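1. Provided below are the primary sequence and the corresponding predicted coordinates.
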Amino acid sequence: MTQEILDAVQSAATDTGFGIWFLIGASLVFFMQAGFAMVETGFTRAKNAGNIIMKNLMDFCIGVPVFMLLGYSLLMGDDIGGFIGAPSFEIFTNYKNFDWAPFVFNMVFCATTATIVSGAMAERTKFLSYCVYSAVISMLVYPIEAHWIWGGGWLAQWGFHDFAGSTAIHMVGGIAALVGATILGPRIGKFDKNGKPKAIPGHSLTLGALGCFILWFGWYGFNGAAATSTDQLGSIFMVTTIAPAIATVVCMIFTWIKYGKPDVSMCLNASLAGLVAITAPCDVTDAGSAAIIGAVAGLLVCFGVWLLDYKLKVDDPVGAVAVHMMNGIWGTIAVGLFANPDVPGYSLADQNGNQLAGVFYGGGGALIGRQLVGLVAVAAWAAITMIIVFQVIKHTIGLRASEQEEIIGLDATEHGLVSSYADFAPAMAQAALSYTKDDAKSVTKVEKSEPVVPVEKAIQVESYTTETPNADGSPKMTKIVVICRQQKLNDLIQAFETIDVTGVTVTNVLGCGMQKGKTEYYRGAEVEASLLPKVKVEVVVCKVPTRAVIDTAKNVLYTGHIGDGKIFVYNIENVVKVRTGEEGYDALQDD
């Protein structure tokens, strides 16, 4: 009798302990939102940092109410035909008997799916559009396919296995990211006129690394929260450590050999790739299999980044597709290859109760077949639904920010932030896009609106030159400085080339004229000095008439609105070409 009491107490304590751990694990998964925010912010430019932080905050905050209203019941409600859970409002009508812990657990997983998409579409997506598609993912797209796998749907009944979400979360989020980035198009300047990708480095690898470590830490809850025994939990923690570590080492070696130096940002991506790949099989694989899974993930993430850049021409600023979609697919397949019945807590079986095992552990094709069918079905669901979602948004409220908004940065245009770093505001050359002439030409022309003021007011010319020739009789040289709107840079450079002005210097600048810019607010308080981003274009001419340059610039820049630009004209005493030593007129001529 005493032993029975002790056993009952131990059982109750174990159940309570794992119930507490279940919620702690959910808390760790929630903390991963901070990791995603830091990775995405660090891997993109400073002019969009506030926008990215806001998106990562709002995909969770928007996801909670829509998941509460409909998403949770579609996922965990009474099964209807193996496809969907029955919609219900028990969270409101029967709160006393509601199963609270699974709601919290599934909610934080749902938020992860939505936030994956943000990274691939960063720096050029409308904030309103992001809010809309994030809500749709949390309310419909994720809950329905997750019901198939975890809510008693047809894949769960058939024996498909995805313990913590390589398929349901990472592959689905990665496919949504690929669809969205493809429909959205690349950032301005990502590909040159020949389609060759150009690097647009993120502004802080430090933030990216911090995010990677936060995600790795949170992944112990992501993979381990559903463990039902201490042995199983220990095994899950072990393989969740091995796979990303091996993936990172393999990626380091590969990039070291291929590029001559180990690539920091790619290795950070590789750590996450290893974590994604081990997510589905974390409860059924041993240490050796985890090492193999991680090694493949470390190479696969490099291949994925190359594939998107050089073959598919899809711009993914943070590598979300390579990390989540490709390694979500790999992790799903890995279950069918490496599921080992000797792992603690192993329980894979088909609908008749027959044990299933991986190909390399004597299981034949039964499990791998189920994994492949489930993978294709979920991938098709995610691709079709997200194509519909993004196309509807694109043709209604619009999906992409305007070219001017993208150039200036979404912090300023979407949220009224001069900089997300306040007193540590970066120089405009770093905060905004660093232009080459080819980059500028990739911007679509902006149509002129009806003029409201004459050209003399819209574009003021201030001359500081003398009309007398140089004392030694040499040709006179003149510097023309044009301050104009960023979206006009394309037209201006092309117009200059038609009059044989081929050398220009372009600088991003901030300033305000009489109008003092647009009033912005921070935490409800008016920001007094609102500096407007412009570009400064400088040319030095000798053979080309100064008047021709001025008239060309005025013709291109004039829209009839105050703020079209200013032109300054200066005398130049001499010009020296350092490479050849030529001076004066000769130094200005092309070779």
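-> That came through, no problem.
2. Please make it C-alpha for all contacts and neighbour counts, starting now.
-> OK.
3. dump the residue contacts of residue 232.
-> 283, 343-345 (C-alpha atoms under 8 Å, 6 or more residues apart in numbering).
4. Now with 6 Å, please.
-> 344-345 (C-alpha atoms under 6 Å, 6 or more residues apart in numbering).
5. Break down the stretch 401-550 of the chain into its strands, ranges please.
-> 459-464, 477-484, 505-511, 520-522, 525-527, 532-541 (DSSP state E, counting those that start in this stretch).
6. Single out the most deeply packed of these.
-> strand 477-484 (a mean of 22; mean count of other C-alpha atoms under 10 Å).
7. ok, back up a step: now mean pLDDT and distance to residue 382 too, for the strands of the stretch 401-550 of the chain, in CSV please.
-> Converted to CSV, the strands of the stretch 401-550 of the chain look like this (pLDDT from 0 to 100; distance: least, C-alpha to C-alpha, whole Å):
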stretch, mean pLDDT, distance to residue 382
strand 459-464, 69, 51
strand 477-484, 91, 44
strand 505-511, 83, 41
strand 520-522, 49, 38
strand 525-527, 51, 43
strand 532-541, 86, 40
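8. between the ones you listed, which gets nearest to residue 262?
-> strand 505-511 (32.2 Å; C-alpha to C-alpha).
9. Partner strands of that closest one, with direction?
-> Sheet pairing of strand 505-511 (DSSP bridges) gives strand 532-541 (antiparallel).
10. Now stretch 227-239 - C-alpha only, CSV.
-> This file holds the C-alpha atoms of stretch 227-239, laid out as CSV (Å, rounded to 0.1, in the frame of the first residue of the first chain):
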residue,chain,number,x,y,z
ALA,A,227,9.0,15.7,-24.1
THR,A,228,7.3,13.3,-21.7
SER,A,229,10.2,11.8,-19.8
THR,A,230,13.6,12.9,-18.5
ASP,A,231,15.4,10.5,-20.8
GLN,A,232,13.6,11.7,-23.8
LEU,A,233,14.2,15.4,-22.9
GLY,A,234,17.9,14.7,-22.4
SER,A,235,18.2,13.0,-25.8
ILE,A,236,16.3,15.9,-27.5
PHE,A,237,18.6,18.5,-25.9
MET,A,238,21.7,16.5,-27.0
VAL,A,239,20.7,16.3,-30.7
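11. Okay, buried residues for it please.
-> Within stretch 227-239, the residues scored as buried using 16 or more other C-alpha atoms under 10 Å are 227-228, 232-233, 235-239.
12. would TSV of the residues you listed with pLDDT, secondary structure and distance to residue 566 be doable?
-> Formatted as TSV, the buried residues of stretch 227-239 follow (pLDDT from 0 to 100; DSSP: H, G, I helix; E, B strand; the rest coil; distance: C-alpha to C-alpha, whole Å):
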residue	pLDDT	secondary structure	distance to residue 566
227	91	coil	67
228	87	coil	70
232	94	helix	70
233	94	helix	67
235	96	helix	68
236	96	helix	64
237	97	helix	63
238	97	helix	64
239	98	helix	63
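13. if we can go back for a sec, can you say which of the strands of the stretch 401-550 of the chain is nearest to residue 421?
-> Of the strands of the stretch 401-550 of the chain, nearest to residue 421 by C-alpha to C-alpha is strand 520-522, at 12.8 Å.
14. Find the least confident helix or strand in the chain, judged by mean pLDDT.
-> Least confident helix or strand, the chain: helix 428-431 with a mean of 40, by mean pLDDT, DSSP states H and E.
15. As TSV, the buried residues of stretch 227-239 with distance to residue 421 would be great.
-> Below are the buried residues of stretch 227-239 laid out as TSV (distance: C-alpha to C-alpha, whole Å):
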residue	distance to residue 421
227	41
228	45
232	44
233	41
235	42
236	39
237	37
238	39
239	38
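16. Nearest to residue 216 among those?
-> Looking across these and measuring by C-alpha to C-alpha, the closest to residue 216 is residue 237, at 11.1 Å.
17. Next, the nearest residue to that closest one once chain neighbours are set aside: secondary structure please.
-> Leaving aside its chain neighbours, residue 237 sits nearest to residue 220 (6.2 Å; criterion: C-alpha to C-alpha, 6 or more residues apart in numbering). Assigned by DSSP: H, G, I helix; E, B strand; the rest coil, the conformation of residue 220 is helix.
18. Give me the distance between the helix or strand containing residue 101 and the centre of its chain.
-> Per DSSP states H and E: residue 101 is located in helix 100-120. A distance of 16 Å separates the centroid of the chain from that of helix 100-120, by C-alpha atoms, centre = their mean, to the nearest Å.
19. Alright, calling it a day.
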